[in-house]
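Engineer: Pasting the sequence and the predicted model now:
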Amino acid sequence: MSVLRIRKPGRGGVAWLAVGLGAMVAGSGCAERHHEPFAAVRAKAAVREGHKRLADDDVEAALTEFQEAIELHPTLWEAHSGLGTAWERKGDYEAAAQAFAQAVRLNPFSFEDAFALAGACQKLARFADAVRAYLHACQLQPNDFDARFHLAVCYHQAGELSDAQAAYTQASQIDPSHPAPFSNLGVLQDTWGHYYEAIHAYNESLERDPHQPMVLVNLATTLLKQERFAAARLALDRALEMDETLAPAHERMGYCLFRERRFAEALDHYRRAGELAPQMAEAWAGAGVVLMAMHLEDPQNTDLRTEALEKWHRSLEITADQPRIRSLVEKYQLPVEDPLTVLLDTP
């Protein structure tokens with residue numbers, strides 16, 4: 001026992017009071033009960049500070065705050081959620097996915113974390129994990145357009161086209177005014193060779209938002225497969241009116257004009273596409289095809305053949321897996337006329 005001396009107010013004497021040592025200093029069990037909520041308070045404060053740091057775009061400081069919060073309170077799901085957001089902001093999607101996954105384990109009812117986990121996995125091309133997370137998010141909020149639409153996109157990227165079609169359709173029902181599900185349904189239908197259905201879907205998308213130049217390019221591509229050149233050219237004209245720098249529109253226009261045997265105009269569009277997108281192999285290949293067609297109409301102009309071959313070589317340097325272009329190079333390759341050239345060029 002420890003003895004504590006207390007002076008009573010208003011009196012001159014001193015009272016003696018025996019107090020057990022346990023009452024003066026809390027035992028270990030009591031310390032744990034007080035330490036845990038104190039750590040939780042500090043951890044939540046660190047989470048708040050972490051979000052402030054993120055708002056100030058100080059990602060490194062935010063990471064430090066969220067990691068400290070997790071050390072103080074490992075089961076605080078908000079800390080793992082914030083850590084995932086910080087890693088995502090930093091561009092480390094693997095670390096972000098791990099943090100969001102832990103947040104979802106600790107709080108399976110957090111729609112935001114399930115959605116964020118799915119997005120991180122999708123960026124990592126881990127489509128099976130992404131689909132599971134999106135499905136979980138859709139279970140939590142069945143009428144959320146973004147979750148359903150991104151689920152469809154993930155199915156699409158994974159090659160699960162029937163599931164993608166179903167999810168796109170569901171997304172369009174959740175928000176019938178949104179053009180994106182319809183344009184992506186058009187891509188699906190075109191992949192299946194259902195050209196009329198694809199055209200219908202593209203037009204549905206364009207009705208909701210007419211200013212979509214790439215949807216017009218996709219529409220034109222489907223029309224070209226039906227050899228409806230005038231309609232395709234009209235769609236491409238509209239796309240280029242919206243964005244004259246859209247390389248795919250120039251490349252598709254080049255093909256359309258080539259099929260109409262308007263070689264000079266076609267060549268202009270192919271060259272423009274190559275200028276705008278130097279790594280677009282199709283642009284250089286198409287330019288080579290047009291130049292060779294012009295050479296065949298004017299066999300004396302060997303410069304056209306030389307230039308065509310050079311365009312094909314450039315296309316193959318960008319994308320080597322083009323069997324048709326390789327066969328054209330072999331077919332029209334200039335013969336070696338000077339035997340000394342063969343000797344000099346042979347290693």
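Structural biologist: On my side now, so go ahead.

Engineer: Poorly predicted segments of the stretch 151-300 of the chain, please.
Structural biologist: Along the stretch 151-300 of the chain, the model assigns pLDDT under 70 to no residue.

Engineer: so Y332 makes contact with L304?
Structural biologist: No - Y332 is beyond contact range of L304, at 10.7 Å (criterion: CB atoms under 8 Å). Just so you know, the C-beta spots here come from the backbone N, C-alpha and C atoms, and that holds for glycine as well.

Engineer: if I look at the two, which residues touch both of them?
Structural biologist: Common contacts of Y332 and L304 (CB atoms under 8 Å, 6 or more residues apart in numbering): M292.

Engineer: list the contacts for H269?
Structural biologist: H269 sits in contact with H250, E251, M253, G254, L257, where contact means CB under 8 Å, 6+ apart.

Engineer: Now, those residues that are in helices?
Structural biologist: Taking DSSP state H as the definition of helices, the contacts of H269 contribute H250, E251, M253, G254, L257.

Engineer: picking that back up, settle it for me: which of Y332 and L304 has more neighbours?
Structural biologist: L304 (19 against 15; other CB atoms under 10 Å).

Engineer: Does anything pack onto the host helix or strand of that one? Which helices or strands?
Structural biologist: Using DSSP states H and E, L304 sits within helix 302-318. The contact analysis (3 or more CB pairs under 8 Å, 6 or more residues apart in numbering; DSSP states H and E) places helix 302-318 against helix 281-297, helix 323-332.

Engineer: measure the residue nearest to L304 when sequence neighbours are not counted to R259 for me?
Structural biologist: What sits nearest to L304 in space, not counting adjacent residues and going by CB to CB, 6 or more residues apart in numbering, is H295, at 3.7 Å. From H295 across to R259, the span is 18 Å (CB to CB, to the nearest Å).

Engineer: Between those two, which is the more surrounded one?
Structural biologist: Remark: of H295 and R259, H295 carries more neighbours, 20 against 14, as counted by other CB under 10 Å.

Engineer: if I look at the more buried one, how far off is H269?
Structural biologist: 19 Å.

Engineer: what does N301 give?
Structural biologist: 21 Å.

Engineer: How many neighbouring residues does H313 have?
Structural biologist: If you count neighbours by other CB under 10 Å, H313 ends up with 13.

Engineer: From what I see, it and V329 are in contact.
Structural biologist: Yes - between H313 and V329 there is a contact at 7.0 Å, judged by CB under 8 Å.

Engineer: hmm, who's touching stretch 42-60?
Structural biologist: 61-63, 65-66, 68-70, 72-73, 76, 78-79, 82-83, 85-86, 89-90.

Engineer: Stretch 107-126 too?
Structural biologist: 77, 81, 84-85, 88, 93-94, 96-97, 100-101, 103-104, 127, 129-134, 136-137, 140-141, 144, 146-147, 150-151, 153-154, 157.

Engineer: List only buried entries from those.
Structural biologist: Applying 16 or more other CB atoms under 10 Å to the contacts of stretch 107-126, the neighbour count classes 77, 81, 84-85, 88, 93, 96-97, 100-101, 103-104, 127, 129-131, 133-134, 136-137, 140, 144, 146-147, 150-151, 153-154 as buried.

Engineer: Tell me which of those residues fall in helices.
Structural biologist: Using DSSP H, the buried ones among the contacts of stretch 107-126 in helices are 77, 81, 84-85, 88, 93, 96-97, 100-101, 103-104, 127, 129-131, 133-134, 136-137, 140, 146-147, 150-151, 153-154.

Engineer: For the helices and strands packed on helix 302-318, give me TSV that also has distance to E275.
Structural biologist: Shown next, in TSV, are the helices and strands packed on helix 302-318 (distance: least, CB to CB, whole Å):
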stretch	distance to E275
helix 281-297	9
helix 323-332	20
